[in-house]
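Provided below are the primary sequence and the corresponding predicted coordinates.
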Amino acid sequence: MSAKEFYLKYLKPNYDEWVLSLLDERLAMNTILSANQMVDWYFYDLKIGNSVGQGFSGPKVLREHIVANVCADFQIIWDVADSHKHFERHRGDALIKFAEQTKLGAMGFGQGGFGEGPYGGGPQLLAENSGKKRNISAATKNVVAMWRDLLQLQSTQQLNFIHCLTRSIQMYTHFPTRSA
């Protein structure tokens, strides 16, 4: 299975189901775990050459690259998934170290990002660290969009490569050969 197939089979359906019921923690975890596991699938695609842009020594290095250069919200998804998998994270850079830092709660006016969470600060699923709260649905929305965009870019790069390869083959087969 490719990263795109994993996205279409698991992440997108999990996310689509969750957005209809954002307070459902089971649906949230299914989505977050799928979004986190996309790294392994995407890395595997890079490793076997299904995409342009190889050069990551492992999924952890790819995760760190994504957080630093592509989508900082992936750190929250990574931490929430790992804290629920291991109950407690000992990784030094983890923002969310314990499963109980993810819970239903509310934020007041100005505590969340613009346009994030329900109007009026009603109940929502939050990740909390040192008194700072983040709406998990907003972070997850950004990460799911990142995976969609990366997979589209990957497909475009593959199509460009295939197009170039096809043109090269056509040119080669139509190139006159010297007769002996």
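Right, received. Where do you want to start?

What segments of this protein are helices?
For the chain, applying DSSP state H gives helices covering 3-6, 12-18, 25-47, 59-65, 74-86, 136-174.

Confirm for me that His65 is in contact with Phe56.
Yes. With contact defined as CB atoms under 8 Å, His65 counts as touching Phe56 (6.6 Å). In short, each C-beta sits where N, CA and C put it, glycine included.

So, low pLDDT: which residues of the protein?
Low-confidence segments of the chain, defined by pLDDT under 70: 48-55, 84, 86-101, 104-122, 130-131, 155-180.

need the contact list for the closest residue to Trp41 other than its chain neighbours.
Distance criterion CB to CB, 6 or more residues apart in numbering; nearest residue to Trp41, sequence neighbours excluded, is Ala3 at 3.9 Å. By CB atoms under 8 Å, 6 or more residues apart in numbering, the contact set of Ala3 is 38, 41-42, 44-45, 50, 151, 154.

Equivalent analysis for Met38, please.
3, 6-7, 11, 147.

returning to that earlier point: can you say which of the contacts of Ala3 are buried?
The neighbour count (16 or more other CB atoms under 10 Å) marks 38, 41-42, 45, 50, 151, 154 as buried among the contacts of Ala3.

Taking those, tell me the two that lie furthest apart.
Of all pairs drawn from these, the greatest distance, 14.1 Å, lies between Met38 and Asn50 (CB to CB).

before we move on, the earlier item: with neighbour numbers in mind, choose between His65 and Phe56.
The neighbour count for His65 versus Phe56, taken as other CB atoms under 10 Å, is higher for Phe56 (18 against 14).

Please look at that one and Arg63 and confirm they touch.
No. With contact defined as CB under 8 Å, Phe56 does not count as touching Arg63 (9.2 Å).

Return the closest of the buried ones among the contacts of Ala3 with respect to Ala139.
Nearest to Ala139 out of the buried ones among the contacts of Ala3 is Met38 (CB to CB; 14.3 Å).

What residues of the top strand by length along the chain count as buried?
In the chain, with assignment by DSSP state E, the single longest strand is strand 124-129. For strand 124-129, the neighbour count (16+ other CB under 10 Å) marks 124-128 as buried.

do the same with stretch 1-17
2-4, 6-7, 10-12, 14-15.

before we move on, the earlier item: determine which two of the contacts of Ala3 are furthest apart.
Largest pairwise distance in these, by CB to CB, is 14.1 Å, between Met38 and Asn50.

What about Leu33, how many residues nearby?
There are 19 residues near Leu33, going by other CB under 10 Å.

Correct me if wrong: it contacts Trp78.
No. Judged on CB under 8 Å, Leu33 makes no contact with Trp78 at a distance of 10.8 Å.

Spit out the contact partners of the spatially closest residue to Ile136 that is not a sequence neighbour.
Leaving aside its sequence neighbours, Ile136 sits nearest to Leu125 (CB to CB, 6+ apart; 4.5 Å). Applying CB under 8 Å, 6+ apart to Leu125 gives the contacts 22-23, 25, 28, 102-104, 135-137.
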